[in-house]
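> Any chance you could fold what I've pasted below:
(one chain, ligands or ions: 1)
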Amino acid sequence: MVMDQKVGEKYLWNAVRRYDPSAAPMVANEGKGAWFTDTDGNSYLDGVSGLWCLNVGHGQEEIVEAAAEQMRTLAYFPLTNSHKPAVNLSQKIDELLGTDETYRTFFANSGSEANETAFKIARQYHVQTGNPGKYKFISRYRAYHGSTLGALSATAQANRRFKYDPGAVGFLHVHPPYSYRSIFDMHDKEAADLKAADLLEEMINWEGEESVAAFIMEPVISGGGVIIPSFKYMQRVQEICKKYNVLLIADEVVSGFGRTGKMFGFQHSEGVVPDMVTMAKGITSGYLPLGATAVRSEIADVFREPGEDNHFRHVSTFGGHPAACAVALKNLEIIERDQLVDRVEHLGNKILDDLKKCESHPNVGEVRRIGFLAGFEMVKDKETKEPLSGEEIGKVMGYCKDQGLIIGKNGDTVPGQNNVLIVAPPFITSEEDLHFIVKTITDAMNQL
Ligand code: PLP
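Numbering: from 1, shown residues only. This is a model prediction of the structure:
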């Protein structure tokens with residue numbers, strides 16, 4: 001073990017990592033584009049963009065400059081008043097959301113916080129519009145909405161919550177549109193997905209519409225195993241939410257800013273206009289921490305009504321930090337200037353679509369892909385769909401790593417067992433490197 005690893009082992013507490021004295025975490029040293037090098041001198045293509053956030057890749061000097069320039073100009077200022085980068089970024093977010101509505105944005109530091117903000121806005125909105133009993137939130141099984149206790153309560157993956165429950169009061173979960181393991185005996189994916197949407201209506205009715213504040217969903221379930229619904233699913237969800245005065249929160253923490261081949265995931269579903277859109281990760285491509293909750297003005301305006309307590313009494317010291325907002329603006333400028341969203345759509349279809357061929361392997365139950373986001377549902381047996389063991393899945397990941405490719409895994413088919421392998425490379429990954437990803441994963445499957 002090299003020196004940095006030894007020191008890290010003693011003092012640094014790693015995230016979601018089982019302690020294994022024989023496999024110390026690697027220590028990253030530098031990054032270039034889609035690649036990084038560790039302190040042992042090994043180079044890897046980062047096939048999961050860090051934690052699905054390093055969308056424009058390492059080494060974007062313009063972003064570095066934007067942060068430094070902002071820190072020189074105004075190092076810090078709280079958003080109890082305003083600063084220029086936050087004003088400009090909030091306007092940019094409204095433009096990119098691309099609806100006929102106007103959105104007002106509250107800034108935070110992370111995706112978890114952006115979702116917590118949305119929950120508080122939803123509850124206060126209902127209290128101030130004559131529905132004080134509307135306090136419950138509905139999300140889907142397999143969803144991940146964050147690590148803080150409210151966001152974790154909306155998260156419905158048993159292995160994330162195990163030993164941390166009980167969570168917050170008023171969080172309910174409904175079945176997701178998961179056609180591969182559908183609870184409905186239907187061959188038509190779209191019909192099965194729409195039936196899953198109907199379960200939301202059923203739950204609202206059973207719970208009592210007067211008690212339900214909001215429904216939160218990712219347009220594409222990412223960390224829960226890359227579950228891509230029929231685009232009509234979100235349209236149906238919107239209809240249901242409108243019918244019962246339940247706010248629709250789109251969690252775009254992963255889907256937002258191009259990952260699925262559109263600027264936002266909800267934009268795949270024509271006519272969908274979420275009440276709130278939460279963002280983080282790709283908003284800065286990971287260069288600095290930032291979260292954001294964009295709120296339709298009709299809802300946000302309720303917080304401007306006269307009265308002692310009608311304003312939003314929520315604050316985050318670092319939320320919307322000037323440097324983070326300046327970084328986000330530059331990041332979004334690069335994404336638009338270099339047409340990276342079109343690139344993701346185009347090269348996803350042209351190159352990453354070949355990953356689908358892995359489905360001919362006996363241990364690959366389904367390959368699901370949209371843009372630069374792909375999931376491989378690994379099974380022991382295609383008939384029974386029993387998840388492949390962690391050990392076998394580890395072999396695929398280990399093979400890829402030996403070849404210089406980092407891929408991820410997630411999903412929660414059986415508590416504690418993650419059987420979906422995940423690929424989500426940076427948007428700037430070269431065509432050659434995209435082919436390398438396809439070849440390496442295909443070879444890795446064939447080693448099984
Ligand atoms: N929402 C989704 C869909 C996520 O994938 C994540 C993180 O992975 C979060 C929220 C939480 O974001 P953060 O880790 O920045 O708190």
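> Which parts of this structure belong to which domain?
According to automatic domain parsing, the chain comprises the domains 5-59+340-446, 64-337.
> Just the endpoints, please. Distance across the longest one?
Spelled out, that is domain 64-337. 17 Å (C-alpha to C-alpha, to the nearest Å).
> repeat for the first one
Looking at domain 5-59+340-446, the gap from its leading to its trailing residue is 33 Å under the measure C-alpha to C-alpha.
> average pLDDT across that domain?
Average pLDDT, domain 5-59+340-446: 94.
> Distance from it to the middle of the chain?
16 Å (C-alpha atoms, centre = their mean, to the nearest Å).
> Stretch 291-307 now?
Worked out by C-alpha atoms, centre = their mean, stretch 291-307 lies 23 Å from the chain centre.
> Which of the residues in that stretch are classified as buried?
Judged by neighbour count (16 or more other C-beta atoms under 10 Å), stretch 291-307 contains these buried residues: 291-296, 299-300, 302-303. Where C-beta positions appear, they are placed from N, C-alpha and C, glycine not excepted.
> Ok, stretch 17-37 next?
Under the neighbour-count criterion of 16+ other C-beta under 10 Å, stretch 17-37 has 24, 26, 31, 33-36 buried.
> The ligand contacts on the stretch 101-250 of the chain?
For the stretch 101-250 of the chain, the contact set with the ligand under C-beta under 6 Å from any ligand atom comprises 110-112, 115, 144-147, 218, 222-223.
> swap the cut-off to 8 Å and go again
For the stretch 101-250 of the chain, the residues in contact with the ligand (C-beta under 8 Å from any ligand atom) are 109-115, 143-148, 151, 218, 222-223.
> Pull out the buried residues from the residues you listed.
Burial by neighbour count, 16+ other C-beta under 10 Å: within those this picks out 109-115, 143-148, 151, 218, 222-223.
> Return the subset of those residues lying in helices.
Using DSSP state H, the members of these that fall within helices are 111-115, 151.
> any idea which of the buried residues of stretch 17-37 is closest to Phe372?
Distance to Phe372, by C-beta to C-beta, is smallest for Ala34 among those, at 10.7 Å.
> Quick check: phi and psi at that closest one.
With angles defined as degrees, to the nearest 10, Ala34 sits at phi -90, psi 0.
> isn't it right up against Phe427?
No - contact between Ala34 and Phe427 fails when scored by C-beta atoms under 8 Å: they sit 9.2 Å apart.
> For the two, list the residues in contact with both.
Residues touching both Ala34 and Phe427 (C-beta atoms under 8 Å, 6 or more residues apart in numbering): Gly57.
> Roughly how far does Ala197 sit from the ligand?
Separation of Ala197 from the ligand (C-beta to the nearest ligand atom, to the nearest Å) stands at 19 Å.
> Next up, the contacts around the closest residue to that residue other than its chain neighbours.
Excluding its sequence neighbours, the residue lying closest to Ala197 (C-beta to C-beta, 6 or more residues apart in numbering) is Arg236, at 4.0 Å. By C-beta under 8 Å, 6+ apart, the residues touching Arg236 are 194, 197-198.
> Distance of Arg236 relative to Val272?
Distance from Arg236 to Val272, counting by C-beta to C-beta, to the nearest Å: 10 Å.
> Now the closest residue to the ligand within the stretch 251-400 of the chain: phi and psi?
Proximity to the ligand, evaluated over the stretch 251-400 of the chain using C-beta to the nearest ligand atom, is greatest for Val253 at 3.6 Å. Note on Val253: backbone dihedrals following degrees, to the nearest 10 are phi -60, psi -40.
> The spatially closest residue to it that is not a sequence neighbour: what's it in contact with?
Spatial nearest neighbour of Val253, excluding adjacent residues (C-beta to C-beta, 6+ apart): Gly111 at 3.6 Å. When contacts are counted by C-beta under 8 Å, 6+ apart, Gly111 touches 145-146, 151, 251, 253, 278-281, 291.
> repeat that with 6 Å
By C-beta atoms under 6 Å, 6 or more residues apart in numbering, the residues touching Gly111 are 146, 253, 280, 291.
> okay, which residue is most central for this protein?
Val254 (2.6 Å; C-alpha atoms, centre = their mean).
> so it, which of the three states?
Secondary structure state of Val254, per DSSP: H, G, I helix; E, B strand; the rest coil, is coil.
> what's the closest non-adjacent residue to it?
Ser222 (4.0 Å).
> Run a quick check on the residue nearest to the centre of the chain versus Ile221, I expect a contact.
No - between Val254 and Ile221 there is no contact under C-beta atoms under 6 Å: 9.2 Å.
> picking up where we left off before, just the domains of the chain: most buried one?
Using mean count of other C-beta atoms under 10 Å, the stretch among the domains of the chain with the largest mean neighbour count is domain 64-337, at a mean of 20.
> just checking, Glu366 touches Tyr180?
Yes - Glu366 sits in contact with Tyr180 when judged by C-beta under 6 Å, with a separation of 4.9 Å.
> shared neighbours of these two, which are they?
Common contact partners of Glu366 and Tyr180 (C-beta under 6 Å, 6+ apart): none.
> OK, now which residue of the chain is nearest to the ligand?
Using C-beta to the nearest ligand atom, the single residue of the chain nearest to the ligand is Gly111, 2.3 Å away.
> Check what pLDDT that residue gets.
With respect to pLDDT, Gly111 has a value of 98.
> again with Leu290
For Leu290, the predicted pLDDT is 98.
> Pretty sure it sits against Gly282.
No - applying C-beta under 6 Å, one finds Leu290 not in contact with Gly282, separated by 10.2 Å.
> after the helix or strand containing the residue nearest to Ala197, next one along is what?
Using DSSP states H and E, Arg236 falls within helix 232-243. Per DSSP H and E, the first helix or strand lying C-terminal to helix 232-243 is strand 247-251.
> Given that next one, what are its sheet partners and their directions?
strand 212-217 (parallel), strand 276-279 (parallel) (DSSP bridges).
> In a markdown table: those strands, plus mean pLDDT and distance to Glu9.
Shown next, in a markdown table, are these (pLDDT from 0 to 100; distance: least, C-beta to C-beta, whole Å):
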| stretch | mean pLDDT | distance to Glu9 |
| --- | --- | --- |
| strand 212-217 | 99 | 37 |
| strand 276-279 | 99 | 35 |
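> I'd like the ones you listed written out as a markdown table, with distance to Ala75 added.
Below are the strands paired with strand 247-251 laid out as a markdown table (distance: least, C-beta to C-beta, whole Å):
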| stretch | distance to Ala75 |
| --- | --- |
| strand 212-217 | 34 |
| strand 276-279 | 24 |
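> how much does whichever strand or helix holds Val127 deviate in direction from strand 212-217?
In this assignment (DSSP H and E), Val127 forms part of helix 111-128. On the basis of axes from the mean of the first three to the mean of the last three C-alpha atoms, to 10 degrees, helix 111-128 is oriented at 150 degrees to strand 212-217.
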